[in-house]
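Asker: Compute the structure for the input listed below.
(one chain, ligands or ions: 2)
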Amino acid sequence: MSSENALANQLPTGLGGQLVKAERWLILTGAGVSADSGVPTFRDAQTGLWARYDAYSLATPAAFAENPALVWDWYQWRRRLIAAAKPNAGHQSIAELAALKPGLTLVTQNVDGLHQRAGSPEVIEFHGNIGRSKCFDCGTVATSIDEPDRRPPVCSICDGLLRPDVVWFGESISLPAIEAAYAAAERSEIFLAVGTSSLVYPAAGLAEVAADAGALIVELNLDQTPMSALADHVLVGPAALWLPTIAACVREAVS
Ligand code: BV8
Ligand code: ZN
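Answerer: Ligands and ions are numbered 1, 2, ... in the order given. Prediction:
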């Protein structure tokens, strides 16, 4: 019996039917969904050159202002890890669910672009995308980088330093992203949090909004998180194993 069928029988009682019936889903993903692609999570201890740095201390405007080359190098290291990674069965299942459930909204805290590479048509990138660079001074997104070996390269408009187009700690989420995500949470029937420690706000606030709107709250994680107490169902295990089961359950019902 394939792992999908085996786990399909292990979906908590009643959950399969609720997933099939609900049209308006909000899926919120965190670093755990990309862990199965070999992309380290924020909780993971960093490796190699970066072992002695804490991701939270590097992902800030102050860190970049203090040592732009160090922060740029850290993102270049992560960009190479991500370029070598492939979307996993979890990303692919979420892309399939978007096709099966037109009312599905996907919000990701990840900056790795793996949902798009897996075929998800619409991705609300709450924290931006590591694949884009923008000017630290004028904010212009770089369409080309003249001197890629400079660390960091400079803006072609104002000569300011380029930085990754991600949302750092202490920076605001873009208004369109936050409005779309919160509107989806307010009308959701299913809120599925996948591979997130539910520690980083305002993303972590979406679960409460969905719960207040009467959504069924489902958490998929290896561990307990501050959101676990709010969840109606907790699926313990890897996202790359549970998500194909959820997709199979919905697919079988519509085929
Ligand atoms: C803001 C981009 C305000 C950069 C990131 C209340 C309200 C508003 C703000 C705050 C608030 N309280 C505190 C704050 C400040 C701060 C915050 O939340 N701090 C935390 C640490 C307490 N929030 C902010 O600064 C936000 N900005 O609101 O500004 C403001 C208002 C006005 C004017 C100015 C400012 C901005 C936050 C965004 C930060 N940027 N990323 C980059 O990537 O380099 S966040 C970054 O960390 C990631 O993107 C990710 O979102 C986060 C880590 O979270 P996870 O994705 O959950 O990953 P994590 O590693 O923690 O956990 C992985 C989970 O997966 C674990 O649970 C693990 O068990 C599980 N797992 C592992 N493997 C698997 C798995 N699960 C399933 N399968 C597996 N195989
Ligand atoms: Zn500039």
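
Asker: CA atoms for contacts and neighbours, from now on please.
Answerer: Fine.

Asker: show me the residues around the residue in the stretch 151-255 of the chain positioned nearest to ligand 2 that make contact.
Answerer: Here the stretch 151-255 of the chain gets closest to ligand 2 at one residue, Cys158, 4.1 Å apart by C-alpha to the ion. Counting by C-alpha atoms under 8 Å, 6 or more residues apart in numbering, Cys158 touches 137-138.

Asker: and it, that one's in a strand?
Answerer: No - read with DSSP: H, G, I helix; E, B strand; the rest coil, Cys158 is coil and lies in no strand.

Asker: What segments of the stretch 1-150 of the chain are strands?
Answerer: Taking DSSP state E, counting those that start in this stretch as the criterion, the stretch 1-150 of the chain contains strands spanning 25-29, 104-108, 124-125, 128-135.

Asker: Deepest-packed of those strands, please.
Answerer: Each of the strands of the stretch 1-150 of the chain was scored by mean neighbour count; the highest is strand 25-29, a mean of 26, by mean count of other C-alpha atoms under 10 Å.

Asker: That one near ligand 1 at all?
Answerer: No - under the criterion of C-alpha under 6 Å from any ligand atom, ligand 1 is not reached by strand 25-29; the shortest gap measures 6.9 Å.

Asker: Only alpha carbons, please: show that strand as PDB.
Answerer: Only the C-alpha atoms of strand 25-29 are listed here, as PDB (Å, rounded to 0.1, in the frame of the first residue of the first chain):
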ATOM      1  CA  TRP A  25      -9.000  27.200   2.000                       C
ATOM      2  CA  LEU A  26      -6.100  29.300   3.300                       C
ATOM      3  CA  ILE A  27      -2.800  27.400   3.300                       C
ATOM      4  CA  LEU A  28       0.000  29.100   5.300                       C
ATOM      5  CA  THR A  29       3.500  27.600   4.700                       C
END
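
Asker: list the contacts for the residue of the stretch 1-150 of the chain found nearest ligand 2?
Answerer: Residue of the stretch 1-150 of the chain nearest ligand 2, by C-alpha to the ion: Cys138 (4.0 Å). If you count contacts by C-alpha under 8 Å, 6+ apart, Cys138 has them with 158, 160.

Asker: okay, the strands of the stretch 1-150 of the chain in TSV with distance to ligand 2 and mean pLDDT next?
Answerer: As requested, those are exported to TSV (distance: least, C-alpha to the ion, whole Å; pLDDT from 0 to 100):
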stretch	distance to ligand 2	mean pLDDT
strand 25-29	32	98
strand 104-108	27	98
strand 124-125	23	98
strand 128-135	5	97
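
Asker: Format the ones you listed as TSV; extra columns: distance to Tyr53.
Answerer: Putting the strands of the stretch 1-150 of the chain into TSV (distance: least, C-alpha to C-alpha, whole Å) gives the following:
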stretch	distance to Tyr53
strand 25-29	24
strand 104-108	24
strand 124-125	25
strand 128-135	19
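
Asker: Would you tell me which residues of the stretch 151-255 of the chain are close to ligand 1?
Answerer: 166-172, 195-202, 221-223, 237-239.

Asker: Just those residues: which are in helices?
Answerer: Counting by DSSP state H, these place Ala239 in helices.

Asker: Show me just the buried residues among the residues of the stretch 151-255 of the chain next to ligand 1.
Answerer: The neighbour count (16 or more other C-alpha atoms under 10 Å) marks 166-169, 195-198, 221-222, 238-239 as buried among those.

Asker: Mind checking which of those residues are in strands?
Answerer: Among those, the residues falling in strands (DSSP state E) are 166, 221.

Asker: mind putting the buried ones among the residues of the stretch 151-255 of the chain next to ligand 1 in CSV, pLDDT included?
Answerer: Output for those, formatted as CSV (pLDDT from 0 to 100):
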residue, pLDDT
Val166, 98
Val167, 98
Trp168, 98
Phe169, 97
Gly195, 97
Thr196, 97
Ser197, 95
Ser198, 97
Asn221, 98
Leu222, 96
Pro238, 97
Ala239, 97
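
Asker: Can you lay out the buried ones among the residues of the stretch 151-255 of the chain next to ligand 1 as CSV showing distance to ligand 2?
Answerer: What follows is these, written out as CSV (distance: C-alpha to the ion, whole Å):
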residue, distance to ligand 2
Val166, 16
Val167, 17
Trp168, 18
Phe169, 21
Gly195, 35
Thr196, 33
Ser197, 35
Ser198, 34
Asn221, 40
Leu222, 42
Pro238, 42
Ala239, 39
